[in-house]
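A.B. asks: whatever this is, show me its structure:
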Amino acid sequence: MDAAAPRDAAPAAESDAGAAGDAGAAGEAGAAADAGATGDAGAASEAGAADDAGAGSLLADGHALLFVGNSYTYVNDLPALYRSFADARPPRPVRIESVTAGGYTLAQHARDAATDGTALAGHFRTGAPEATSWDVVVLQEQSQTPGFPEGSAPRLASEEGATALARLALARGAAVVLYATWGRARGDAMNPALYPDFVTMEARLEEGYRALAAAAAGTGARVRIAPVGAAFARVHAAVLASGLDPLAAGSDFLALYADDGSHPSARGSYLAGCVIAGTVAGLDPRALPDALGLAPGVAAALREVAAATLADPAWAF
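C.D. replies: Numbers count the residues shown, from 1 in each chain. Predicted coordinates for the structure are as follows:
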């Protein structure tokens with residue numbers, strides 16, 4: 001799975017292939033219980049979130065979303081989680097589709113979208129009008145790529161891919177949301193100089209997603225960032241502030257990750273879903289229901305984190 005490169009080589013990208021990709025609607029929701037989760041996620045207790053957390057909606061009369069990404073979207077069935085949030089709220093009816101493939105980049109998705117016979121071509125170009133009409137397209141880049149050096153081949157390909165997909169979304173009348181993923185819990189062993197730890201990797205990814213947003217907005221599309229990585233960082237900072245080690249077993253920060261320290265656990269996916277729901281639909285995350293088998297106190301604490309993140313002026317839409 002890991003395409004390790006020599007130490008002096010260009011940044012090495014690995015496959016985000018923690019789960020098999022799907023080429024249509026998302027598959028089974030990962031609803032495993034979060035056994036052993038701490039009930040109050042002290043790291044996540046951001047009760048001072050602004051009252052208007054969750055800005056204006058990108059939706060008008062419809063609620064049709066297309067998720068485009070890889071296993072960071074597929075694991076725990078993030079599209080199905082989003083749908084569970086959206087089903088009970090106007091506008092209706094809700095239509096959610098996803099195209100995911102393990103390790104895929106936006107450049108690869110853009111090539112697929114330009115190739116007849118692929119799922120993305122059907123969703124953007126060759127399908128029936130009702131199958132190619134979207135309100136929002138959610139784009140998720142491969143987890144290392146946005147933080148690679150500016151001007152590097154992977155970054156240039158990423159920006160070109162995001163731009164091509166944004167043009168397709170704009171042609172269908174859709175806004176674009178960039179699902180900004182998070183740094184690895186312990187940094188990236190494949191790129192230790194670039195990503196030695198979570199904080200460094202997260203800062204580079206945030207800068208990269210801002211550049212992707214600028215590139216996509218250059219098409220004329222309406223673009224927002226769903227700052228999921230920033231929500232992970234908020235939990236990390238709160239654990240540190242409490243005097244604890246974010247990487248200690250059982251910490252609220254480490255509980256956001258699957259065992260590989262890269263993909264999301266049920267907690268991590270739930271936090272991602274809350275941030276995306278606030279970004280897309282203007283929903284206050286604090287009003288969203290529990291899901292994914294999380295203990296009510298854990299889910300409530302993660303909703304507070306999502307609300308506080310979206311209330312941060314740094315991520316104003």
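A.B. asks: what sits against Gly229?
C.D. replies: 180-183, 202, 205-206, 209 (CB atoms under 8 Å, 6 or more residues apart in numbering). (C-beta placed from N, C-alpha, C; glycine too.)
A.B. asks: immediately after the helix or strand hosting Cys274, which helix or strand?
C.D. replies: Taking DSSP states H and E as the criterion, Cys274 maps to helix 266-281. Using DSSP H and E, the helix or strand that follows helix 266-281 in sequence is helix 296-311.
A.B. asks: how far off centre is that following helix?
C.D. replies: On the basis of CA atoms, centre = their mean, to the nearest Å, helix 296-311 sits 16 Å off its chain's mean C-alpha point.
A.B. asks: how about the residue sitting nearest the centre point of the chain, what does it touch?
C.D. replies: The structure's the chain has its C-alpha centroid closest to Tyr179; by CA atoms, centre = their mean the separation is 3.5 Å. The neighbours of Tyr179, taking CB under 8 Å, 6+ apart as the test, are 67, 69, 72-73, 138-140, 226, 228, 272, 276.
A.B. asks: now the strands: where do they sit in the stretch 151-300 of the chain?
C.D. replies: Here the stretch 151-300 of the chain has its strands, by DSSP state E, counting those that start in this stretch, at 175-179, 223-226.
A.B. asks: got the contact list for the last one?
C.D. replies: So that's strand 223-226. 58, 138, 166, 175-180, 209-210, 213, 216-217, 272, 275-276, 278-280, 315, 317.
A.B. asks: 7 Å - rerun?
C.D. replies: Where contact means CB atoms under 7 Å, 6 or more residues apart in numbering, the residues beyond strand 223-226 that reach it are 58, 166, 176-180, 209, 213, 216-217, 275-276, 279, 315, 317.
A.B. asks: confidence-wise, which of those comes last?
C.D. replies: Here the lowest pLDDT out of those sits on Phe317, with 68.
A.B. asks: can you show me the helices along the stretch 151-300 of the chain?
C.D. replies: Ranges of helices in the stretch 151-300 of the chain, per DSSP state H, counting those that start in this stretch, are 153-171, 198-217, 228-241, 266-281, 296-311.
A.B. asks: okay, those, which one's buried deepest?
C.D. replies: Stretch with highest mean neighbour count among the helices of the stretch 151-300 of the chain: helix 266-281 (a mean of 28; mean count of other CB atoms under 10 Å).
A.B. asks: quick one: terminal-to-terminal distance for stretch 115-126?
C.D. replies: Terminal residues of stretch 115-126 lie 10 Å apart, using CA to CA, to the nearest Å.
A.B. asks: using the three-state scheme, assign Tyr82.
C.D. replies: The three-state label given to Tyr82 by DSSP: H, G, I helix; E, B strand; the rest coil is helix.
A.B. asks: number of residues surrounding it?
C.D. replies: Tyr82 has 25 neighbouring residues, counting by other CB atoms under 10 Å.
A.B. asks: circling back: to Phe148, which of the strands of the stretch 151-300 of the chain lies closest?
C.D. replies: Closest to Phe148 of the strands of the stretch 151-300 of the chain is strand 175-179 (CB to CB; 16.0 Å).
A.B. asks: what's the angle from that closest one to helix 266-281?
C.D. replies: Taking axes from the mean of the first three to the mean of the last three CA atoms, to 10 degrees, one finds strand 175-179 and helix 266-281 inclined to each other by 160 degrees.
A.B. asks: relative to helix 153-171, how tilted is strand 175-179?
C.D. replies: Going by the same axes, to 10 degrees, strand 175-179 is angled at 150 degrees with respect to helix 153-171.
A.B. asks: strand 175-179 pairs with which strands?
C.D. replies: If you go by DSSP bridges, strand 175-179 pairs up with strand 136-139 (parallel), strand 223-226 (parallel).
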